[in-house]
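> Next comes the sequence, and after it the predicted model I'd like to discuss.
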Amino acid sequence: MDRETRAAAERHFRGAGSRVLGGGPALHCVAFIPDPCTFSYADFVTGFLLPNLPCVFSSAFTEAWGSRRRWVTPAGKPNFEYLERKYGNVVVPVANCGVQEYNSNPKEHMPLQDYLAYWQDYIQLGGASPKGCLYLKDWHLCRSPFHVDIFRSYSWSVNICGRKKWLLFPPGQEEALRDKHGSLPYDVTCPELTDTRLYPTHLHSSPPLEITQEAGEMLFVPSGWHHQVHNLDDTISINHNWVNGCNVAHMWHFLQQELDAVHREVSQWKDSMPDWHHHCQVIMRSCSGINFEEFYHFLKVIAEKRLLVLEQEEQGTLGHSASLGLGLQQVVFDLGRLTEVLASVVTHPDFQWVDTSTFSPQPQELLGQLRAVLATTQAL
């Protein structure tokens, strides 16, 4: 991130104020980025991260990846022999796509070599198996249930081989897909959605943004976009989720929503349950994977890493590789966003119930440190 991009990002969030992810104008197509040589990180920040819009990067961005050479045959199919030789003994989690377990699928663990044998049999049998339709972690063999990425993170997904069809819904658009009980559908293509008795608001929903992702291409999925994925061929993909200064506030808003949902579910026991607020945090963690205490530690770790970069720069000890990986403008921008979110966390009524006696530094102490540092970095 350069100084100009940082300034644009800071202006964006000053203008956004306390707004969270929402609808925005209808999007009818997704930008395609063909050439790595003519597309910069600044272009990505201003064109897609800040407005929270998806885009597709061409296969030119991934053509040098070793996985695209070694995991794929010359015919563009999965290289089962190489994968078994290299990773066959690894025990991997596998989900059964044919069985719905709430809004997910039941999982089991098996050696990769067993899964690869199943996969090859599945192909030989014309896309069928007595074991059902199984998929391994993010190596999807069928459609993925309708979902939004964990903690409202960003994600990218690269097809090492094969093709996918994506159905994407901008933040807020998924609300029209809820059933009469307020639950989202498992499959947004199921015919039951046309039953207005079950899905009373479906007639008001907009069609999804549909994308066909070819082999080698990378799709950027913005924060809070619900999506469902269908594999059109035998496909291997690599996926990654991340949070940065541009969407850490979305993560914090999501956690507040999750806790509010827990409060509603167990409100009837508030007066009779000792340590009700603590139990709500326990329930929230079991459902969402994180609670307020862990979110504070998440912010603390990131803040300390950013502060270390500034300290190394001040002392003249910042290594060349570190400066390439995380420039000073990005560090200052992230610290500003972390400070805003941390200020909201420490004043949140439910965070007041968290036992912070063993925290080091104390939340208010860390907040004061960040504010002091930011006051000295405006000229950078």
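Ah, there it is. Numbers count the residues shown, from 1 in each chain.
> any idea which element the residue nearest to residue 210 when sequence neighbours are not counted lies in?
Excluding the flanking residues, the one nearest residue 210 by Cβ to Cβ, 6 or more residues apart in numbering is residue 167, at 5.9 Å. C-beta coordinates here come from the backbone N, C-alpha and C atoms, glycine included. Per DSSP states H and E: residue 167 is located in strand 164-169.
> Mind listing what's buried along the very next helix or strand once past that strand?
Proceeding N to C from strand 164-169, the next assigned helix or strand is strand 209-213, under DSSP H and E. Going by neighbour count (16 or more other Cβ atoms under 10 Å), the buried part of strand 209-213 is 209, 211, 213.
> Specify which member of those residues is nearest to residue 94.
Closest approach to residue 94 among these (Cβ to Cβ): residue 213, at 22.7 Å.
> Show me the beta-bridge partners of the closest one.
For residue 213, the beta-bridge partners under DSSP bridges are residue 164.
> And the pLDDT for it?
Looking at residue 213, its pLDDT is 98.
> Quick check: the gap between it and residue 356.
Distance of residue 213 to residue 356, given as Cβ to Cβ, to the nearest Å: 44 Å.
> And for residue 212?
With Cβ to Cβ as the criterion, residue 212 and residue 356 are 49 Å apart.
> and residue 308, how many residues sit next to it?
Using other Cβ atoms under 10 Å, residue 308 has 13 neighbouring residues.
> My error: substitute residue 295 in the last question.
Neighbours around residue 295, by other Cβ under 10 Å: 20.
> ditto for the one 4 residues further on
Per other Cβ under 10 Å, the neighbour tally for residue 299 reads 22.
> That one: which element?
Using DSSP H and E, residue 299 maps to helix 292-315.
> residues of that helix that come out buried?
292, 295-296, 298-300, 302-303, 306-307, 309-310.
> repeat for stretch 246-264
So for stretch 246-264, counting by 16+ other Cβ under 10 Å, buried means 246-255, 258-259, 262-263.
> can you redo the residues you listed as CSV with distance to residue 68, pLDDT and secondary structure?
Below are those laid out as CSV (distance: Cβ to Cβ, whole Å; pLDDT from 0 to 100; DSSP: H, G, I helix; E, B strand; the rest coil):
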residue, distance to residue 68, pLDDT, secondary structure
246, 28, 94, coil
247, 28, 93, coil
248, 32, 95, helix
249, 35, 94, helix
250, 31, 93, helix
251, 31, 93, helix
252, 36, 96, helix
253, 37, 94, helix
254, 33, 92, helix
255, 36, 95, helix
258, 37, 93, helix
259, 42, 96, helix
262, 43, 95, helix
263, 47, 96, helix
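> rewinding a little: what is the burial count for the residue nearest to residue 210?
Each residue near residue 167 was counted by other Cβ under 10 Å, and the total is 18.
> Check the one 4 residues further on too.
For residue 171, the neighbour count with other Cβ under 10 Å is 20.
> how near is it to residue 58?
Counting by Cβ to Cβ, the separation of residue 171 from residue 58 is 26 Å.
> ok, now which ones touch the residue nearest to the spatial centre of the chain?
Residue closest to the average C-alpha location in the chain (Cα atoms, centre = their mean): residue 153, at 3.1 Å. Residue 153 makes contacts with 223, 241-243, 247, 251, as judged by Cβ atoms under 8 Å, 6 or more residues apart in numbering.
> how about those in CSV, adding distance to residue 70?
Shown next, in CSV, are the contacts of residue 153 (distance: Cβ to Cβ, whole Å):
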residue, distance to residue 70
223, 32
241, 24
242, 25
243, 30
247, 33
251, 35
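> tell me the phi and psi of residue 110?
Note on residue 110: its backbone torsions stand at phi -150, psi 160 [degrees, to the nearest 10].
> May I have the predicted confidence score for it?
Residue 110 is assigned a pLDDT of 93 by the prediction.
> repeat for the one 5 residues further on
The predicted local distance difference test score for residue 115 is 95.
> helix/strand/coil for residue 230?
Three-state assignment for residue 230 (DSSP: H, G, I helix; E, B strand; the rest coil): strand.
> Hmm, it is touching residue 187, no?
No - the criterion here is Cβ atoms under 8 Å, and residue 230 misses it with residue 187 at 10.0 Å.
> quick one, helices of this protein?
Here the chain has its helices, by DSSP state H, at 3-16, 41-44, 66-70, 80-87, 112-124, 248-265, 276-288, 292-315, 320-325, 328-346, 363-375.
> check contacts around residue 283.
Counting by Cβ under 8 Å, 6+ apart, residue 283 touches 262, 265-266.
> mind running it again at 10 Å?
Listed by Cβ atoms under 10 Å, 6 or more residues apart in numbering, the contact set of residue 283 reads 258-259, 261-263, 265-266, 291.
> So what's the residue count around the closest residue to residue 309 other than its chain neighbours?
Setting aside the residues directly before and after it, residue 309 is nearest to residue 331 in space (Cβ to Cβ, 6+ apart), at 4.9 Å. Look at residue 331: counted by other Cβ under 10 Å, it has 23 neighbours.
> how close does residue 331 get to residue 240?
Residue 331 is 21 Å from residue 240, by Cβ to Cβ.
> With residue 193 instead?
Distance from residue 193 to residue 240, by Cβ to Cβ: 31 Å.
> ok, these two, which is more surrounded?
Neighbour count, other Cβ under 10 Å: between residue 193 and residue 240, residue 193 has more, with 17 against 12.
> list the contacts for the more buried one?
Contact analysis of residue 193 by Cβ under 10 Å, 6+ apart lists 177, 179, 185, 187, 199, 202-203, 205.
> now, which of the contacts of residue 153 sits nearest residue 85?
Scanning the contacts of residue 153 for proximity to residue 85, where the rule is Cβ to Cβ, the winner is residue 241, at 29.1 Å.
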